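Trainee: Give me a model of this one.
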Amino acid sequence: MKNILVLCTGNSCRSQIAHGYLAHFAPEGTEIFSAGIETHGVNPRAIETMKADGIDITNHTSNNILEYIGQYFDYVITVCDSAKEKCPYFPSQAVKFHHNFPDPYGSVGTDEEIADVFADVRDQIKTYCKEFVSANL
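Mentor: Residues are numbered from 1 along each chain as shown. Coordinates of the predicted model:
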């Protein structure tokens with residue numbers, strides 16, 4: 001069994017989306033966790049954009065990285081530069097991966113334009129997660 005932790009700044013959008021896709025693509029028995037340097041709550045637009053692709057993250061919670069100190073992880077994936085820069089000290093023997101995805105949270109425009117930004121970021125994360133699982137699990 002492998003344990004994977006996905007880190008982001010607020011654990012509200014990108015890390016939640018990655019958490020959902022990793023759980024979807026990973027083999028049975030893989031444990032997926034996500035956390036942030038801060039906790040901002042799971043963004044309703046992240047939930048909505050994942051539902052549009054058939055993944056339900058409604059029951060996800062926004063967790064702080066400190067909740068996982070001392071827990072063993074095989075992999076730690078940072079999905080934004082801020083988390084990578086602020087959390088290089090995370091005490092773990094885990095193999096670390098990093099990919100800086102755009103933050104959809106600050107998107108502006110019409111509801112449709114914002115939904116398109118979320119969908120674009122979601123699709124980028126989906127591709128990354130699928131490739132990560134294929135190469136590492």
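Trainee: Quick one: name whatever helix or strand follows the lowest-mean-pLDDT helix or strand in the chain.
Mentor: In the chain, no helix or strand scores lower on mean pLDDT, DSSP states H and E than helix 81-86, which sits at a mean of 68. Moving toward the C-terminus from helix 81-86, the next helix or strand (DSSP states H and E) is strand 95-98.
Trainee: So which elements touch the helix or strand following that next one?
Mentor: In the C-terminal direction, the helix or strand that comes right after strand 95-98 (DSSP H and E) is helix 111-136. Judged by 3 or more C-beta pairs under 8 Å, 6 or more residues apart in numbering; DSSP states H and E, the packing partners of helix 111-136 are helix 14-25, helix 44-51. Just so you know, the C-beta spots here come from the backbone N, C-alpha and C atoms, and that holds for glycine as well.
Trainee: Residue 60 is nearest to which of these?
Mentor: Proximity to residue 60 (C-beta to C-beta) singles out helix 14-25 among these, at 5.4 Å.
Trainee: what's the closest one in contact with?
Mentor: With contacts defined as C-beta atoms under 8 Å, 6 or more residues apart in numbering, helix 14-25 is touched by 4, 6-8, 30, 32-36, 42-43, 46-47, 49-50, 55-57, 60, 62, 77, 79-80, 83, 101, 103-104, 121-122, 125-126, 128-130, 132-133.
Trainee: hmm, back to that, just put the helices and strands packed on helix 111-136 in JSON lines and tack on distance to residue 114 and mean neighbour count.
Mentor: Compiled in JSON lines, the helices and strands packed on helix 111-136 are given as follows (distance: least, C-beta to C-beta, whole Å; neighbours: other C-beta atoms under 10 Å):
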{"stretch": "helix 14-25", "distance to residue 114": "15", "mean neighbour count": "26"}
{"stretch": "helix 44-51", "distance to residue 114": "7", "mean neighbour count": "19"}
